[in-house]
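Asks: Predicted model and sequence follow; I will ask about them next.
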Amino acid sequence: MPRKSLPLGPETLGLLEEARIDLLHALLGEREDENEPVIALPQDVPLPEDDAAVDACRQNITDILSEFTRDELRPVEQRSRRVRMLARGKGIVSLETIVDQHLDDEAIREFERQPDHLCRSIWAFLNARETFENAESFHFARQFRNHGKLYDAFEVDLENAETLDAAAVDETALAKKARQVLELRPEISCTVKAIDLPQTDAHPASIMVIVRHGGPLSSVFHLRDDGRSRAMYYRPPNEVTLIYTPSLRQIEVCADNPVARQRVGDAFAEIVLHHDISSKPLTWKRYNLTRFRSSLRLDLPMIDGYTISCVRVLEAEVRLGNWRRKLLLKVTIDDDIEEIANQYLGPQNVYRRPAAFSKITIAVAYNRAGDTKKRTLNITISGTKSCNLQSHKDPEERSLGFALLKEWGILQAFRQIDMDDLRGMFAALLQLHEGVENEVSGQQLRELGLDPQQLIEGGLLERRDRQDVILIDEGDIDGEGSVEPSKKEGMVKITGPFGEDAGERPASDHDMYAINAAWLHETLMSLLKPLLRKRAVEVLDTNLTRLGAMQIGETEVPIYLGRRLDELQTVERLDILMRARNQAGVGIVLTASQAKPAYLGPNVIAPLLENLAPESEDFVLSRDGLELAWHGGRELAGGGEVPRVLRSGPQSATLHVPGKPPLVLTGANQIRIFERLVAAVLAGSPDVQVKTLMDGTGSRNPQQAFRAPTWRDIKVVYIGRGQKRGYWRLITADATPAAPV
């Protein structure tokens, strides 16, 4: 008989093998949620010194856990991962640093009495949970510095770097300000905890501030015992971790929302550092190293008050295929790094076509005006967010270094895009928001009329690598072509799949940019907010957000922002979700999707691009257009007066039944089935034989035309069995199902 595979994850297995038996028993006995299974662990725990008894107990626990499914043991696996993460590598330092800050002397002695790092981590999880969670936040914050999607660094323009510690942070005032800038409603809690971080070999002394608050309402579907699904609403916990380093005048913020990163950074600067954000906003800097693809040489710029005599690139580090493989070329200030690369690595070396530069070091020889002393400034840029100029103590050298980086086009500072400009590009931003891909090419931006540099500086885009493969469909060339360097400045050479010459194109068309989806979503919502009487942002789905309510006459109409409503699966999923929320009344779903249904649940769909306001108006959308769309569709959104199926495309239609929310139909078979059921009701004979109903669909039962979640949601609500066996009918007020489906 084959051996049964264990449902235990790798972290749980590691814990079973490594943890001291008493702490292992206590940790596995933890339940953080009532939905977690109860694990009936053995009551007698052997002494750690009794090896035979310990081995038998470990095996007994393994056998007990093996009776559960992998899904049931997921919480155990997650807890095991958490405690093991802080028991190895830099996690050890993170835990010890926070323990020293949080616990009293007696608790610290008990922590240190634990025999190894894993035991200390488990002990902290069991006996000092808040300390353990703060250590996790600190550990993640240090790691997030290498993950641009979750991390931002800001510089604050202070006259002097003041000595500051955690005791100087007014946690109550900062929590109040954070609540204000994050627009949290009164019922949502918000807490702030400040912790001192001592100096290490890698980092100066810092202060860590953890802001914890409830996130926007979200929902999941729960399958009930009767087979029907119901939306369950919950408020996920959100966290913003901020690290302020006084010696660098730098604020680092980690969070999954870029808007929260900026706003919490501003709040900290205002409340803790007493900095005037309005007159001196925080500087959000990005470093763009793509210019070194064309050349590793830099020009001698003209900077007022300085004479620049020599500029050399001393180090250039590139990544080879992925971020774990790298190649570093290092020379002296007397060498030309480009000549060295060509001489020893060949004229077509990797520095001519790198996937990405990860580090550049520049040496600058200069003297100040009126001063004959020769000076040297070394500038090292690592990735897109780190530069050693931030740690220079001499403010004049810092200013010179940043001025040089701006002249070379390496430094890009954040500039909030003017609201009038955003209104002007609203339609183009909507199309970016609609896109399936998270990246966009320079050519696509040009066709939309967008300036990539402006969007980068405004935080909406981040520069990525240049395309190296494209699809060609021109003349006799059809297939994948390669993008190669060209001798002409600003151009690239295109080669067909069999080496054909496909001509040259502007290099900027093939530059790739990552869309900052969260910031783009927030920007669009900020443009739509002036239309709303009540603002209550609620993320219902990745493709649907409730914005609030708009006043139309005496009615408060819910307003939603939807996207990708031209995808049948997305429409089907969102339709189920919105019909579960029909108690909110008939609302408006705004979307830029071209092919779309007319309704989504009991809501009218209004095309954004057809309701743009004239430039002379303050709003981006026409209120009159939205009111007309709502008044025109309100009756059918409530089901209309008689059943009907209204087509909005060959694969999309909407079923209207009096007294019920509209039902979106996706696919020809679904439409055909309900058109026949509606025709039968209107003809006065509601029951339709299954053979007639399914004729031409290729199926034998209407259930086969629907995905399982949709069928569970519509059976006995819109469709049910007829009076006779083998018949089906549309469920109306006058035609109810004869028997359960």
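Replies: Yes, it's here.

Asks: Buried ones in whichever strand in the chain runs longest, by neighbour count?
Replies: Under DSSP state E, the strand in the chain containing the largest number of residues is strand 306-320. Residues of strand 306-320 classed as buried by neighbour count (16 or more other CB atoms under 10 Å): 306, 308, 311-319. In short, each C-beta sits where N, CA and C put it, glycine included.

Asks: Show me what it packs onto, helices and strands only.
Replies: Applying 3 or more CB pairs under 8 Å, 6 or more residues apart in numbering; DSSP states H and E, we find strand 306-320 packed against strand 322-330, helix 337-345, strand 356-368.

Asks: contact partners of whichever strand or helix holds I671?
Replies: Secondary structure from DSSP states H and E places I671 in helix 668-682. Contacts to helix 668-682, defined as CB atoms under 8 Å, 6 or more residues apart in numbering, come from residues 642-645, 647, 650-651, 653, 655, 663, 665, 686-688, 692-694, 696-699, 702, 705-706, 718-719, 728-730, 732, 735.

Asks: so which of the helices and strands packed on strand 306-320 is the most packed in?
Replies: Mean neighbours per residue, mean count of other CB atoms under 10 Å, is largest over those for strand 356-368, with a mean of 19.

Asks: and that strand with strand 306-320, angle?
Replies: Inter-element angle recorded for strand 356-368 and strand 306-320: 170 degrees (by axes from the mean of the first three to the mean of the last three CA atoms, to 10 degrees).

Asks: Direction included, what does strand 356-368 pair against?
Replies: strand 306-320 (antiparallel), strand 375-382 (antiparallel) (DSSP bridges).

Asks: May I see these organised as JSON lines, with mean pLDDT and distance to A595 added?
Replies: Shown next, in JSON lines, are these (pLDDT from 0 to 100; distance: least, CB to CB, whole Å):
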{"stretch": "strand 306-320", "mean pLDDT": "88", "distance to A595": "40"}
{"stretch": "strand 375-382", "mean pLDDT": "90", "distance to A595": "45"}
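
Asks: Just send those strands back as TSV, with distance to A507 too.
Replies: Formatted as TSV, these follow (distance: least, CB to CB, whole Å):
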stretch	distance to A507
strand 306-320	19
strand 375-382	22
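
Asks: Out of those strands, the one nearest F498 is which?
Replies: strand 306-320 (27.4 Å; CB to CB).

Asks: CA atoms only for that closest one - export them in CSV, please.
Replies: Taking Å, rounded to 0.1, in the frame of the first residue of the first chain, the C-alpha atoms of strand 306-320 are listed here in CSV:
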residue,chain,number,x,y,z
TYR,A,306,31.8,75.3,-8.7
THR,A,307,34.4,74.3,-11.3
ILE,A,308,34.1,70.6,-12.4
SER,A,309,37.4,69.4,-13.7
CYS,A,310,36.8,65.6,-14.0
VAL,A,311,34.0,63.1,-13.9
ARG,A,312,34.5,59.4,-14.0
VAL,A,313,32.3,56.3,-13.5
LEU,A,314,34.3,54.1,-11.2
GLU,A,315,31.9,51.2,-10.7
ALA,A,316,29.1,49.8,-12.7
GLU,A,317,27.1,46.8,-11.5
VAL,A,318,24.6,45.0,-13.8
ARG,A,319,22.2,42.2,-13.1
LEU,A,320,22.5,39.1,-15.3
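
Asks: Please state the offset of it from the chain centre?
Replies: Distance of strand 306-320 from its chain centroid, counting by CA atoms, centre = their mean, to the nearest Å, is 35 Å.

Asks: How about stretch 359-377?
Replies: For stretch 359-377, the distance to the chain centre is 42 Å (CA atoms, centre = their mean).

Asks: same deal with stretch 407-424?
Replies: 22 Å.

Asks: Quick one: mean pLDDT over the helix holding I671.
Replies: Averaged across helix 668-682, the pLDDT comes to 91.

Asks: Quick check: next helix or strand after it?
Replies: Using DSSP H and E, the first helix or strand after helix 668-682 is strand 688-689.

Asks: Give me the sheet partners of that following strand and which way each runs.
Replies: Short version: by DSSP bridges, strand 688-689 pairs with strand 727-730 (antiparallel).

Asks: ok, back up a step: okay, and which of the contacts of helix 668-682 map to strands?
Replies: Counting by DSSP E, these contribute 644-645, 647, 653, 655, 663, 665, 688, 719, 728-730 to strands.

Asks: Need the buried ones from these selected in ChimeraX.
Replies: Buried residues within the ones in strands among the contacts of helix 668-682, by 16+ other CB under 10 Å, are selected in ChimeraX with:
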select :644,645,653,655,663,665,688,719,728,729,730
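
Asks: Now tabulate the ones in strands among the contacts of helix 668-682 in a markdown table and tack on distance to Y366.
Replies: Listed next are the ones in strands among the contacts of helix 668-682 as a markdown table, based on distance: CB to CB, whole Å:
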| residue | distance to Y366 |
| --- | --- |
| R644 | 79 |
| V645 | 76 |
| R647 | 72 |
| A653 | 71 |
| L655 | 75 |
| L663 | 72 |
| L665 | 71 |
| V688 | 87 |
| I719 | 80 |
| W728 | 85 |
| R729 | 87 |
| L730 | 83 |
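
Asks: isn't there a strand covering L118?
Replies: No: when DSSP: H, G, I helix; E, B strand; the rest coil is applied, L118 is found to be helix, with no strand at that position.

Asks: quick one: G659 and R579, what's the gap?
Replies: Distance of G659 to R579, computed by CB to CB, to the nearest Å: 13 Å.

Asks: So between these two, which is more surrounded?
Replies: Using other CB atoms under 10 Å, the more surrounded residue of G659 and R579 is R579, with 22 against 9.

Asks: tell me the phi and psi of that one?
Replies: phi -70, psi -20 (degrees, to the nearest 10).

Asks: Numbering from 50 from now on, please.
Replies: OK, 50 is where the count begins now, so the last one is R628.

Asks: Stretch 575-588 - what's its average pLDDT?
Replies: Mean predicted confidence for stretch 575-588 is 82.

Asks: err, stretch 680-690, not the other one
Replies: Averaged across stretch 680-690, pLDDT comes to 76.

Asks: Need the contact partners of that stretch.
Replies: Outside stretch 680-690, the residues that reach it (CB under 8 Å, 6+ apart) are 601, 635, 647-648, 651-653, 695, 703, 705-711.

Asks: if we can go back for a sec, now do the longest strand of the chain against helix 386-394: the angle between them, please.
Replies: Going by the same axes, to 10 degrees, strand 355-369 makes 30 degrees with helix 386-394.

Asks: Give the buried residues for the helix holding I720.
Replies: Buried, per 16+ other CB under 10 Å, within helix 717-731: 718-727, 729-730.
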